[in-house]
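Participant: need a structure here:
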Amino acid sequence: MKRKVTKAIFPVAGLGTRFLPATKSIPKEIMTLVDRPLIQYAIDEARAAGIKEFIFVTSRGKGALEDYFDNAPILEQELRKKGKNELLEVLKDTNMDSGAIAYIRQHKALGLGHAVWCARRLINNNEPFAVILPDDVIAAEKPCLQQMVEAYEDTGGCMVAAMEVPSEKSSSYGILDVKGDLGTMVSVKGMVEKPSAEQAPSNLAVIGRYILTPKVLQSLNRMKSGAGGEIQLTDAIAEEINQDRDVYGYRFRGERFDCGSKAGFLRATVAFGMARPELRDEFTSYLEDMVSLTKAAE
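Facilitator: As a prediction, this is how the structure comes out:
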């Protein structure tokens, strides 16, 4: 009998140096995409997938992240006094029940695998868990992790979100070595972290959504540094394959935005802004004007 996926790990210990100076005092995960911080999109996706317990792997300077999910009684009192009930409803999604959220410190930046390993004591020996990277924001009619959880109910094993990337981008991703193509899913016989275009076994890249078994944590216990001198999560997942345990890549339905880069963050801002009915007309008009001015300047 397969266990339900009810816990998720959010590795949020990074310094966000690509967004300096903004991230000098503000965690990158709190930076807003339209009017919600990146971490809120990740939390909403996890909730939609049935996640009940949220584990944040943080580092020094992430206090604002913890405060974000706390109640704000003074603010709520003021909104209530002014009859701003719609804003009160908005705030409800930012509050976490007592005991639903845990914070673990990653004291050294030793890679994604190490960050996940830091949460090992909060995962039971027989329960699967999800990993969500908030930098990867996915716009989808049905949230990406929910798609994966539904597929996982039939497959078990380990599952990673996957999307096709141009071969010249292979060195920026973990790339799947495909054993069998099942349509929406592929069975995986290997994973290579950040290969060159010539060495990439396919064009299917791993994106920041995972459903993993506790066996992966046991492998991380034994892991040494991999690509980039870091402990790689993909290496631990590859060990599952070496042990003849099932690993799948899931071709999710939706559009992924790399909000860990400035260009990706700007693309996401445009896409999510235009998706909002109350902003669409004014925003679209502005963008059209900007394009016209650029063409005229050429």
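
Participant: Residue 143: what's it in contact with?
Facilitator: 44, 45, 48, 49 (C-beta atoms under 8 Å, 6 or more residues apart in numbering). Any C-beta I mention is one placed from the backbone N, CA and C, and that applies to glycine too.

Participant: distance of it from residue 85?
Facilitator: Using C-beta to C-beta, to the nearest Å, residue 143 is found at 26 Å from residue 85.

Participant: three-state assignment of residue 109?
Facilitator: coil (DSSP: H, G, I helix; E, B strand; the rest coil).

Participant: Tell me if I'm right that it and residue 14 touch.
Facilitator: Yes: the pair residue 109 / residue 14 is scored as a contact, 7.3 Å apart, by C-beta atoms under 8 Å.

Participant: who touches both of these two?
Facilitator: Going by C-beta under 8 Å, 6+ apart, residues that sit against residue 109 and also against residue 14 are residue 59.

Participant: How far off centre is the helix ranked longest in the chain?
Facilitator: Once the chain is assigned using DSSP state H, the helix that runs over the most residues is helix 277-297. Put simply, helix 277-297 sits 30 Å off its chain's centre (C-alpha atoms, centre = their mean, to the nearest Å).

Participant: For that helix, list every residue counted as buried.
Facilitator: residue 283 (16 or more other C-beta atoms under 10 Å).

Participant: Quick one: mean pLDDT over it.
Facilitator: Computed over helix 277-297, the mean pLDDT rounds to 85.

Participant: same for it, what does it pack against?
Facilitator: When contacts are defined as 3 or more C-beta pairs under 8 Å, 6 or more residues apart in numbering; DSSP states H and E, helix 277-297 packs onto helix 262-274.

Participant: how near is the nearest residue to residue 3 once chain neighbours are set aside to residue 214?
Facilitator: Nearest residue to residue 3, sequence neighbours excluded (C-beta to C-beta, 6 or more residues apart in numbering): residue 127, at 5.0 Å. Distance from residue 127 to residue 214, counting by C-beta to C-beta: 7 Å.
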